[in-house]
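[1] Sequence and predicted structure, then a few things I'm wondering about:
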Number of protein chains: 2
Amino acid sequence: MQDVDAGGCGTPVPGAHPRPDGRDRYTISEVVSLSGLSAHTLRWYERIGLLGEVERSHTGQRRFTNRDLDWLSLVGKLRLTGMPVAEMVRYAELVREGDHTVGERLEFLVAAREDVRGRIAELQGALEVLECKVSAHAAAVAESH
Amino acid sequence: MQDVDAGGCGTPVPGAHPRPDGRDRYTISEVVSLSGLSAHTLRWYERIGLLGEVERSHTGQRRFTNRDLDWLSLVGKLRLTGMPVAEMVRYAELVREGDHTVGERLEFLVAAREDVRGRIAELQGALEVLECKVSAHAAAVAESH
DNA sequence: TACGGAGCTCGAGTGCACTCCAAGCAAGGG
DNA sequence: CCCTTGCTTGGAGTGCACTCGAGCTCCGTA
């Protein structure tokens, strides 16, 4: 089965470090450079349940998988939208609960999408104001030769 | 002289309480319902210099002016963009310093504008991912008849 | 065998933006 | 005169999302 939450929608971001393919086990420091998050933050994400049990090496060190990386990329997107971490944790729990939560997850995603649309509209309002202020100040600067 | 920072760019927001015109002195509770900010927050804004000395009644109560309301509306826009309060305070200081800071203010506004544009782009990236996830989950829900 | 470097856990600390509290004053109504 | 309502102050508290520190283990190289 193809989990509907893993991969499939990630933009292979131009700015970010590319993921070396053919591998599926990454140390925490590799994930730090791949994700841009700090090691502390990654461990914290796991503690609060935003990341689900990460696999371990025989000595107890974390070994992140490509699936973890996909999940982190989604989390990054949601974080950009300003979604509180607690909500993302709730979503992570739904994913862990299995396929029968897919309807609830759909609701969550739709709500998040509407939220983002609203936020974009807000920002566009702010942008208009800023553009107006910029013109006014540029004119004032020009006027004072 | 027409201060380039007062009014002129405010969208008369459809959702917000309209400002009763013909008046220029508002109590703190009037500003609470006009701005949506709490009284605590308004006093705190004044304390940290985000609002400049607010006029007082003979008994020491604050009397906000239309100019204060205009400023608060700009602050609200900037807050929506995620700008830290400290930066807005810096801008407020530039405004208080007078006309000779108009160039610096222009720089500030241009930077803020670029910031907002970048943030909109980020959100649009997140929106795409969300739309993709929504389709995938909608399909999964439909498939499970 | 010694050492540097990466990783581990648990718990405490930080910075931001509020948010609340206690104690007190002023005006108006009963 | 008392009570309520609305406002004042300074300072303490809250919630969020990290962020850091102490003290430990484990591994590879000299």
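    Received, thanks. Residues are numbered from 1 along each chain as shown, chains lettered A, B, ... in the order given.

[2] Give me the phi and psi for A:Phe64.
    phi -80, psi 150 (degrees, to the nearest 10).

[3] thought it was touching A:Arg23?
    No. The pair A:Phe64 / A:Arg23 is not scored as a contact, 10.4 Å apart, by CB atoms under 8 Å. Glycine gets a C-beta too; all of them are placed from N, C-alpha and C.

[4] Of those two, give the one with the bigger neighbour count.
    When A:Phe64 is set against A:Arg23 and neighbours are counted by other CB atoms under 10 Å in any protein chain shown, the residue ahead is A:Phe64, at 23 against 10.

[5] Which strand residues bridge the more buried one?
    A:Tyr26 (DSSP bridges).

[6] what does chain A put close to DNA strand D?
    A:Ser38, A:His40, A:Thr41, A:Trp44, A:His58, A:Thr59, A:Gly60, A:Arg79, A:Pro84, A:Val85, A:Ala86 (CB under 7 Å from any atom of the strand).

[7] just these now: which is nearest A:Glu97?
    Closest approach to A:Glu97 among the residues of chain A next to DNA strand D (CB to CB): A:Ala86, at 16.7 Å.

[8] now the closest one: how far from A:Leu72?
    Distance, A:Ala86 to A:Leu72, by CB to CB, to the nearest Å: 17 Å.

[9] Kindly list the longest helix within chain A.
    Scanning chain A for the helix with the most residues, using DSSP state H, yields helix A:102-143.

[10] got the angle for that helix vs helix B:102-143?
    160 degrees (axes from the mean of the first three to the mean of the last three CA atoms, to 10 degrees).

[11] what's the spacing between helix A:102-143 and its chain's center?
    From the chain centre to the centre of helix A:102-143 is a distance of 19 Å (CA atoms, centre = their mean, to the nearest Å).

[12] Wondering if that helix reaches DNA strand C at all.
    No. Applying CB under 7 Å from any atom of the strand, one finds helix A:102-143 separated from DNA strand C by no less than 14.7 Å.

[13] what's the average pLDDT for that helix?
    Helix A:102-143 shows a mean pLDDT of 97.

[14] does any part of that helix sit near chain B?
    Yes. Using CB under 8 Å from any CB of the partner chain, helix A:102-143 reaches chain B at A:102-103, A:105-106, A:109-110, A:112-113, A:116-117, A:119-120, A:122-134, A:136-141.
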